[in-house]
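Student: got a predicted structure here, sequence first:
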Amino acid sequence: MAMSDVKKSDAKAARHTRECALDEACASNGYGLVTGGKFYKFDTTGNVKANQFLRTTKKENNILVQVAGKINKEIFFVTSIKDAMVSQRKGK
């Protein structure tokens, strides 16, 4: 989700649409992960991976992802992003 206000809730992030996230005005702010009421901004690699994921997912909102990487000072250095629901169904 592209968000500049780190205090936005998980519920508000879940309502954020794929269409909006791919819009230039939103995407240019960068992406990140909202979890537990906190926002972790993605590094450059994470922004590229998030954009690729959003372009390929069929989900329109309530986009739940499984992100791997490391967090350092509220920046998430992303190594992979995948659909959390697909991962859960496969037992991963």
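Tutor: Good, I have the coordinates.

Student: and for residue 32, the neighbour number?
Tutor: A count of neighbours around residue 32, defined by other CB atoms under 10 Å, yields 26. Bear in mind the C-beta positions are built from the backbone N, C-alpha and C, glycine included.

Student: find the nearest non-adjacent residue to it, please.
Tutor: If the residues on either side of it in the chain are set aside, residue 32 comes closest to residue 41, at 4.4 Å by CB to CB, 6 or more residues apart in numbering.

Student: just the strands in this structure please.
Tutor: The residue ranges that make up the strands of the chain, judged by DSSP state E, are 32-35, 38-42, 65-72, 75-83.

Student: in a markdown table: these, plus mean pLDDT.
Tutor: Converted to a markdown table, the strands of the chain look like this (pLDDT from 0 to 100):
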| stretch | mean pLDDT |
| --- | --- |
| strand 32-35 | 82 |
| strand 38-42 | 88 |
| strand 65-72 | 94 |
| strand 75-83 | 95 |
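
Student: and of these, who's closest to residue 58?
Tutor: Comparing the strands of the chain against residue 58 with CB to CB, the closest turns out to be strand 75-83 (9.6 Å).

Student: which residues does residue 70 form beta bridges with?
Tutor: Beta-bridge pairing of residue 70 under DSSP bridges involves residue 77.

Student: so it sits against residue 45, correct?
Tutor: No. With contacts counted by CB atoms under 8 Å, residue 70 stays clear of residue 45, the gap being 11.6 Å.
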